[in-house]
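A.B. asks: No sequence on hand, only this structure:
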């Protein structure tokens, strides 16, 4: 019998095991093909689809097209023991600071220009986060891409030769076609994904402007998908530009109308970053007490996204709008 | 040592063997990152980049966004012994009828609504085409996707259990994560690819309207890429909508300005099919003599794409324009 | 116009159209499946979601597409992406039905569209799998639409292009094909067939009006399971015929 | 303003900027690499093609991006797709240079950005690989930008996040990493290093003005190869400083 040699098996936990047939069955029975109105509030969407212990992820970096209104609602409702695939800045920081995270498929959690995340340090070094399984940004996306393709794994040349492989759940094999070593990344099927988009219709057909990060991959790699959108548009608008629909409705479970939903992050062509707002988190999150005070003020202290926006104030939001990227030749 | 069992190895020839490091080296040394004017005629592009015996492919189905002006020029220049990945209608039919094809990675060559391809039958049954290696449409695209990802293979559940596997060059293994059988498709790196797009700038940044077929994958899976475009636009137009550039310039070797380049096929939002023109080929290609007469008239009988368009005539082209798909709510 | 007697092709389209389940995703191949989908959308299944392999999802089928990639396949559609999007949606279990054709079919619903005769020295080279193999591998339920002739309904296809039940119970799963998927019906020019749940072999379900069971048996190259009760399909209604002839295929491309 | 003496960070940025090769594709990470790229584009390498991992290619860098996904990373860009597009372009060999950071570096240029101490019970949990591992695996040449401190230049990093030459000659290829790729330079707050072609160990190339070789050695936790001739980097020119202070980082985010 011909065989492929397994050269190495990562010792990291596969914290979200998968079964492609079970995922197919889910997609068959739990995802309606009908055009059903899915518009609901953040509160309703998170209550309905996010649960203690679920494996959850958010799309794009924390300050760019980030589902912040959904991320804050997760904190407000205190969902616990979350298992998270982490490529994040603000949103995961909030969850870590609120003590909601138990296990991490981590790629990068930090504050970019403002350095490392104190919330991550506290949560991991204290043992509150039980497990960190390591992946590169490419690898975690390709794991979702595998799920999105409906296949059990995808090869890559990333992570080879490093400790990343050892502390991941990947395997290294000899490619049966050319004989060279290649890493196999197991598919990642999330229980819940949160994605913020520019526009959606009430059924969940979504369109994005500017870079699409890993929205297409994550949307196809989850069992429940909550989308928040800056604007809810009539389906006729979607049908006019079907080539812009990177997330078709049948993938979506909830559509939340969230103008300035990425604040204090940005939304291309609509509003820029609120640097002041981001710095406030950066400063306050340096200590556990400061982080708690921030959460008290901006999350627990307001009932919903509208109250959050009221707290930020029209004037500051308007300044973000003025700083937006523009389409110009 | 842990191993992965190889359950089956397809007996079909891998008619375009690959080496990812060699492909990387090609991409490093033969693909300029500089913004260089690449505009040239069909004649020049085909002379420069298509050669006897090369492995070549065209993107999308024969009547939809098909690089017909390039395909006709390949015939005109009589490039021989082509090895082709075949998912095609009109364009591959022309090559088969002209006796240019030696080996096929075949998925579908036919006339869709008008039935089977007599040119394919003649070419294969006579032994003029030496080899047909079988793939599904999904499989051939995923083979290009593997190359586009820079990885040696991609898994799929297609082709399992059928004669497709036997007459392909795929392998079936037990997935090392879940133990279920899965097919591994070897990467496909083409020597030359031909793609027709809506607009490109002179450097080769390309944008497409409507479905994109497998343009993104093929453009990233070839050593030489000749693009024909309905319109050459200033780079400022590209920079205004960078989120529409599915083929960035550095992938492109030649940009050919080809209005009505897909004729008698269609181009979404610009012109519809020329049914009369397609039927003419369907009828004439039923016999070898008829096919030859068609080639004499529409390919050998005209010097270039402009002469072809003159032969078709303004009025008929205008009728195609009237039949175009429109963006309307 | 509806006075003109219906043809077997028209009847076959009507019987196929009635199999569409409303509110499901359907992978539509070139030809008869397109007509059946358009008819279904105008009659019993107004909320089907047509999916065409080159990227169109949720099109409004106002005009008959002539090709699986042309603009009519995403006309006023919900998304118009690429072949990977649709094929991978199918592989992930999002496509409920697939409508397929082929040159040959066997008792387990395996289809051949590659060669007649030996693969390497064929008597007839057929177009190839196209998306057929993918659809038969990944869609939950496939329905074949066939001319009913002895040379097409054969004990063993010359080449298995698109998997039916392969060699019988358990074979799809053993090969690694998705659990719970497989063919459920064949609509032919003579009859409607399904599959016996025990043996997974093809079974006559209902003949077309005016067709006898014997005629079906005579035109089938293998032992078709004939149950005690064989139904008779409803003939095309006047409205079905009107839709087909006046709205769906007024140019008579297929009918 | 250019009268103000330059800082070591400004110098480091200038030295890094001069390493950009015109007309190449460069994977740009957050922070110092962005400033260096912007400076290079305004001085010696006007035709570099910046690539940002979340999808931006060929942006015109008018304003300093604060994040690898924000609109400034594809401002007037040539394409703005997603992370797969850029990471896969790198894996295919299309990205010439990668500019990287890390908390620790070893003599073979391996970088650590995951943990200080034991992985499962870390003294300090760092942000993680991000795109670092991918860039170090797939780009043709990588350049690390580091604070030069003994605790950062270590004999053995606590965790290899981003591959340099791993354990030395042949190790990258044996691991399956792309042939011919690897680190070529380190720009630190004290000096510029390259790698000895025989041993692939880090080698001092040029010290910053005012820095002695001894100072570099003292601040390096392993045996740095010291060649017979060690150059001295040019200090920032008045124009470089003006660009940095007035055009590139007028808010003083980094400098």
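C.D. replies: On my side now, so go ahead. Because the structure is predicted, anything quoted here is derived from the model rather than measured.
A.B. asks: In contact with the residue nearest to residue C:93 when sequence neighbours are not counted, which residues are there?
C.D. replies: Nearest residue to residue C:93 in three dimensions, chain neighbours excluded: residue A:24, at 2.9 Å (Cβ to Cβ, 6 or more residues apart in numbering or on different chains). Where C-beta positions appear, they are placed from N, C-alpha and C, glycine not excepted. Neighbouring residues of residue A:24 by Cβ atoms under 8 Å, 6 or more residues apart in numbering or on different chains: A:150, C:92, C:93, C:178, C:179, C:180.
A.B. asks: Please convert the buried members of those residues into PyMOL selection syntax.
C.D. replies: The PyMOL selection below is limited to those of those classed as buried (16 or more other Cβ atoms under 10 Å in any protein chain shown):
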select buried, (chain A and resi 150) or (chain C and resi 92+93+178)
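A.B. asks: that older thread, relative to chain D, how far out is the residue nearest to residue C:93?
C.D. replies: 23 Å (Cβ to the nearest Cβ, to the nearest Å).
A.B. asks: tell me which element that residue is part of?
C.D. replies: Here residue A:24 sits within helix A:20-29, counting by DSSP states H and E.
A.B. asks: Skip ahead from that helix and say which helix or strand is next.
C.D. replies: helix A:42-49.
A.B. asks: Quick check: which ranges of the stretch 1-150 of chain C have low pLDDT?
C.D. replies: Along the stretch 1-150 of chain C, the model assigns pLDDT under 70 to residues C:1-2.
A.B. asks: So which residues of the stretch 51-200 of chain C form strands?
C.D. replies: All strands of the stretch 51-200 of chain C, identified by DSSP state E, counting those that start in this stretch, fall at C:56-57, C:79-80, C:97-100, C:104-105, C:111-112, C:115-117, C:122-125, C:141-146, C:182-188, C:191-195.
A.B. asks: In JSON lines: these, plus distance to chain B.
C.D. replies: Below are the strands of the stretch 51-200 of chain C laid out as JSON lines (distance: least, Cβ to the nearest Cβ, whole Å):
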{"stretch": "strand C:56-57", "distance to chain B": "6"}
{"stretch": "strand C:79-80", "distance to chain B": "5"}
{"stretch": "strand C:97-100", "distance to chain B": "12"}
{"stretch": "strand C:104-105", "distance to chain B": "12"}
{"stretch": "strand C:111-112", "distance to chain B": "8"}
{"stretch": "strand C:115-117", "distance to chain B": "8"}
{"stretch": "strand C:122-125", "distance to chain B": "4"}
{"stretch": "strand C:141-146", "distance to chain B": "13"}
{"stretch": "strand C:182-188", "distance to chain B": "11"}
{"stretch": "strand C:191-195", "distance to chain B": "16"}
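A.B. asks: With respect to residue D:73, which of those strands lies nearest?
C.D. replies: Closest of the strands of the stretch 51-200 of chain C to residue D:73 is strand C:79-80, at 26.4 Å (criterion: Cβ to Cβ).
A.B. asks: strand partners of the closest one, parallel vs antiparallel please.
C.D. replies: Using DSSP bridges, the strands paired with strand C:79-80 are strand C:56-57 (antiparallel).
A.B. asks: Just give the number of residues close to residue A:306.
C.D. replies: For residue A:306, the neighbour count with other Cβ atoms under 10 Å in any protein chain shown is 14.
A.B. asks: need the next SSE after the one helix or strand it maps to, C-terminal direction.
C.D. replies: Assigned by DSSP H and E, residue A:306 belongs to helix A:305-312. Scanning forward in sequence from helix A:305-312 by DSSP H and E, the next helix or strand is helix A:314-322.
A.B. asks: Tell me which residues are up against that next one.
C.D. replies: A:260, A:263, A:266, A:270, A:271, A:272, A:273, A:274, A:276, A:277, A:309.
A.B. asks: Run through the residues of the stretch 151-300 of chain A sitting next to chain D.
C.D. replies: A:156-164, A:167, A:172, A:180-183, A:210-217, A:266, A:268-269, A:272-273, A:275 (Cβ under 8 Å from any Cβ of the partner chain).
A.B. asks: for chain A, what's the longest helix?
C.D. replies: Within chain A, and with DSSP state H defining each element, the longest helix by residue count is helix A:137-149.
A.B. asks: Any buried residues in the next helix or strand after that helix, and which?
C.D. replies: Next helix or strand after helix A:137-149 toward the C-terminus (DSSP H and E): strand A:153-156. Judged by neighbour count using 16+ other Cβ under 10 Å, the buried positions of strand A:153-156 are A:153, A:154, A:155, A:156.
A.B. asks: close to chain C, is strand A:153-156?
C.D. replies: No: against chain C, strand A:153-156 shows no contacts by Cβ under 8 Å from any Cβ, the least distance being 12.0 Å.
A.B. asks: Pick out the residue in chain C sitting closest to chain D.
C.D. replies: residue C:84 (11.3 Å; Cβ to the nearest Cβ).
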